[in-house]
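Visitor: Coordinates only, no sequence provided:
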């Protein structure tokens, strides 16, 4: 008995000292008999710490049921996956489903390309990155794999993959993408910067620009800039000043663009490209943006919005904002210190910013004018004719390149996806006559929209009576169907099919005849995407957004054009589903973006989108 009590005291002391491993799940039978100890009644002194079993080793297992209940899962994971865990693991067999799947993959000929579900990134998802043995094996396999598709590599930049080697592998694949494809993914890649190592980004700035402060200083001038940035009239201009300041406290202006003209351009470019570590995402994007004017424009505005000071009522992650500000400063300084072509790109960006800042002030001044629409127009004409009001001549200024881009901010997410859908359908030789108009967000409150000459379906019905009458008015042909030119009807049917499938996949809501637009060439397209991913202000909305008026424009449900519409929908869905992995990867990079319908349930956003492809 005394020997048993000594053992119990030893266990209690070890438990108090933290040298005894506490199992948080009662895997074994409660209260295993322990010599004569169980009948002695001394077990009550341990309280809730019941003894599970006793071994001769110093570390024993004690059960605490109310604690975390998944330690057994971690232990089972180690035992089941370790190559050195014993003969029992070597004898383990997969279940019938897994066995058949593995046999199918093994039986493939060497020339067969594996599907997205069978290949590399799926394996990486199974790796426990906290286990050194698994990490070592995974990285070894990563080196011998055949190169992953660029579209599939986007998934490796999501928050699910934090290991730096895996992320660098993804960037190495992105380096093979042409600028045209990179522009389609640029918005998501900018969002993926949130999952990078922020300290590495800061160190990269210090390495490229030694001696420069990474973040803002707290002197009076910067404090004033912070104050000015809260004014919506100068928010973007303030961010520009922060980003182009060579030294803390200097005025950020376009005069800095010429401050390095005395240096040899070749020396500047060589020095910058040698210092930039192109293996991390931030420097990769900076490097590609510096070499392409359109990419530079996209990249600049995407970063600028992330650097914008939010209103006090909106929660903002200061650490993330500072990271984006560091990337913006690195990008701006790289352009400034580059060759003449790079400096011209920075000059264009500065001129864009100045123009937009003046334009926003003009629009706000007009909006504050009391009275009806006529008075506001008169006020606008007055301000436009007087260049002294805003120190800017809106009627006569130097042409300014302003390439618009598909922006995802708020309602523009469908526009951005529309360009990707259109691109993928083009690669499948499927012309759905889509009209993915351009959107450029210059802040969270204002931006630019591409104008498409069109009228709403509601206006068409009010003025012409039907869609057929509208088409007959602009493209009459007696020998054509319904007295309309055949190519117009074909365009109408294809565009209806394309947007029905796209709005279904994205779960677009709040559809009515005022946000359906029609062009004289027969193209139908959607605008106003305030509700996505199944959200809709109307109860029980249909999954397929197809109105009675749209069907009547095809000739009714019994017409040949309606049957062609159904075939086009089926074909479009199958073609787009082939690229579902790309769409899901891009969506997974947007879960932490400030898109309202995604921010509501970020953990369910990708799942909702994935269900649409089933």
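Guide: Sure, I can see it. Since the model is a prediction, treat every value here as computed from it, not as a measurement.
Visitor: For the rest of this, base every contact and every neighbour count on C-alpha atoms.
Guide: Fine.
Visitor: quick one, domains of this protein?
Guide: Domain assignment for the chain, taken from automatic domain parsing, gives 2-87, 192-385, 410-611.
Visitor: how close does residue 339 sit to residue 292?
Guide: 13 Å (CA to CA, to the nearest Å).
Visitor: in this structure, which helix has the most residues?
Guide: As assigned by DSSP state H, the longest helix anywhere in the chain is helix 340-367.
Visitor: tell me which residues in it are buried?
Guide: For helix 340-367, the neighbour count (16 or more other CA atoms under 10 Å) marks 340-353, 355-360, 362, 366 as buried.
Visitor: ok, now stretch 566-585?
Guide: By 16+ other CA under 10 Å, the buried positions in stretch 566-585 come out as 566, 568-569, 571-573, 575-577, 580-585.
Visitor: now stretch 541-551
Guide: Neighbour counts using 16+ other CA under 10 Å place 543, 545, 546, 549, 550, 551 of stretch 541-551 among the buried residues.
Visitor: what's the answer for stretch 516-525, then?
Guide: Across stretch 516-525, burial judged by 16+ other CA under 10 Å covers 516, 517, 518, 519, 520, 522, 523, 524, 525.
Visitor: For the third one, which residues are in contact?
Guide: Listed by CA atoms under 8 Å, 6 or more residues apart in numbering, the contact set of residue 518 reads 454, 455, 456, 457, 524, 525.
Visitor: just to revisit the earlier point, so what secondary structure elements neighbour the longest helix of the chain?
Guide: Contact here means 3 or more CA pairs under 8 Å, 6 or more residues apart in numbering; DSSP states H and E; on that basis helix 340-367 packs against helix 235-244, helix 293-307, helix 318-336, helix 373-385.
Visitor: Count the residues that sit near the residue lying closest to residue 546 once chain neighbours are set aside.
Guide: The shortest distance from residue 546 to any residue other than its chain neighbours is 6.7 Å, reached at residue 500 (CA to CA, 6 or more residues apart in numbering). Residues near residue 500, counting by other CA atoms under 10 Å, number 22.
Visitor: Compare the domains of the chain and say which comes out lowest on pLDDT.
Guide: Comparing mean pLDDT across the domains of the chain, the lowest value falls on domain 2-87: a mean of 52.
Visitor: Please, where are all the strands along this structure?
Guide: Taking DSSP state E as the criterion, the chain contains strands spanning 22-23, 50-51, 62-63, 439-441, 447-449, 455-456, 516-518, 524-526.
Visitor: quick one, which of those strands is nearest to residue 183?
Guide: Closest approach to residue 183 among the strands of the chain (CA to CA): strand 439-441, 13.5 Å.
Visitor: In terms of secondary structure, what does the closest one contact?
Guide: By 3+ CA pairs under 8 Å, 6+ apart, strand 439-441 packs against strand 447-449.
Visitor: now for the strand it packs on, which elements pack on it?
Guide: So strand 447-449, by 3+ CA pairs under 8 Å, 6+ apart, packs with strand 439-441.
Visitor: switch to 10 Å and redo it
Guide: helix 340-367, strand 439-441 (3 or more CA pairs under 10 Å, 6 or more residues apart in numbering; DSSP states H and E).
Visitor: Determine which of these approaches residue 490 most closely.
Guide: Among the helices and strands packed on strand 447-449, the nearest to residue 490 by CA to CA is strand 439-441 (27.3 Å).
Visitor: if we can go back for a sec, could I get the helices and strands packed on strand 447-449 as TSV with distance to residue 429?
Guide: Shown next, in TSV, are these (distance: least, CA to CA, whole Å):
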stretch	distance to residue 429
helix 340-367	35
strand 439-441	26
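Visitor: right, and those - which one's nearest residue 8?
Guide: Here strand 439-441 is closest among the helices and strands packed on strand 447-449 (CA to CA), at 69.2 Å.
Visitor: ok, back up a step: and the buried residues of stretch 516-525 as a markdown table, adding distance to residue 195?
Guide: Compiled in a markdown table, the buried residues of stretch 516-525 are given as follows (distance: CA to CA, whole Å):
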| residue | distance to residue 195 |
| --- | --- |
| 516 | 38 |
| 517 | 39 |
| 518 | 41 |
| 519 | 42 |
| 520 | 46 |
| 522 | 44 |
| 523 | 40 |
| 524 | 39 |
| 525 | 35 |
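Visitor: Greatest separation within those residues: which pair is it?
Guide: 516 and 520 (13.6 Å).
Visitor: overlap in contacts of those two?
Guide: 454, 455 (CA atoms under 10 Å, 6 or more residues apart in numbering).
Visitor: ok, the closest residue to residue 588 other than its chain neighbours - how many residues close by?
Guide: Nearest in space to residue 588, with sequence neighbours left out and distances taken as CA to CA, 6+ apart, is residue 606 at 6.1 Å. Neighbourhood size, residue 606 [other CA under 10 Å]: 21.
Visitor: When residue 339 and residue 292 are compared, which one has more neighbours?
Guide: Each of residue 339 and residue 292 has its neighbours counted (other CA under 10 Å); residue 339 has more, 20 against 14.
Visitor: Quick one, which of the strands of the chain gets closest to residue 328.
Guide: Closest to residue 328 of these is strand 439-441 (CA to CA; 16.6 Å).
Visitor: give the contact list for residue 514.
Guide: 455, 456, 457, 458, 459, 526, 527, 528.
Visitor: I should have written residue 489 there, sorry.
Guide: With CA under 10 Å, 6+ apart, residue 489 has these contacts: 468, 471, 480-482, 495, 521-523, 553-555, 561.
Visitor: So which of the helices and strands packed on strand 447-449 is nearest residue 141?
Guide: Using CA to CA, the nearest of the helices and strands packed on strand 447-449 to residue 141 is helix 340-367, at 39.9 Å.
Visitor: tally of neighbours for residue 600?
Guide: So residue 600, with other CA under 10 Å, has 12 neighbours.
Visitor: Repeat that for the one 4 residues further on.
Guide: In terms of burial, residue 604 registers 14 neighbours under the definition other CA under 10 Å.
Visitor: cool, and residue 301?
Guide: Residue 301: 22 neighbours (other CA under 10 Å).
Visitor: I'd like the distance between the closest residue to it other than its chain neighbours and residue 326.
Guide: Nearest residue to residue 301 in three dimensions, chain neighbours excluded: residue 442, at 6.2 Å (CA to CA, 6+ apart). Note on residue 442: its distance to residue 326, by CA to CA, is 19 Å.
Visitor: In terms of neighbours, single out the busier of the two.
Guide: Each of residue 442 and residue 326 had its neighbours counted (other CA under 10 Å), and the higher figure belongs to residue 326 (26 against 21).
Visitor: Touching, the more buried one and residue 201? I think so.
Guide: Yes: here residue 326 reaches residue 201: they are 7.5 Å apart, a contact under CA atoms under 10 Å.
Visitor: returning to what we had before: now tabulate the strands of the chain in CSV and tack on distance to residue 152.
Guide: Below are the strands of the chain laid out as CSV (distance: least, CA to CA, whole Å):
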stretch, distance to residue 152
strand 22-23, 40
strand 50-51, 50
strand 62-63, 44
strand 439-441, 27
strand 447-449, 31
strand 455-456, 39
strand 516-518, 34
strand 524-526, 29
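Visitor: picking that back up, just the contacts of residue 518 now: which is nearest residue 170?
Guide: For those, the closest approach to residue 170 (CA to CA) belongs to residue 525, at 35.2 Å.
Visitor: pretty sure that closest one contacts residue 435?
Guide: Yes: counting by CA under 10 Å, residue 525 touches residue 435, with 6.2 Å between them.
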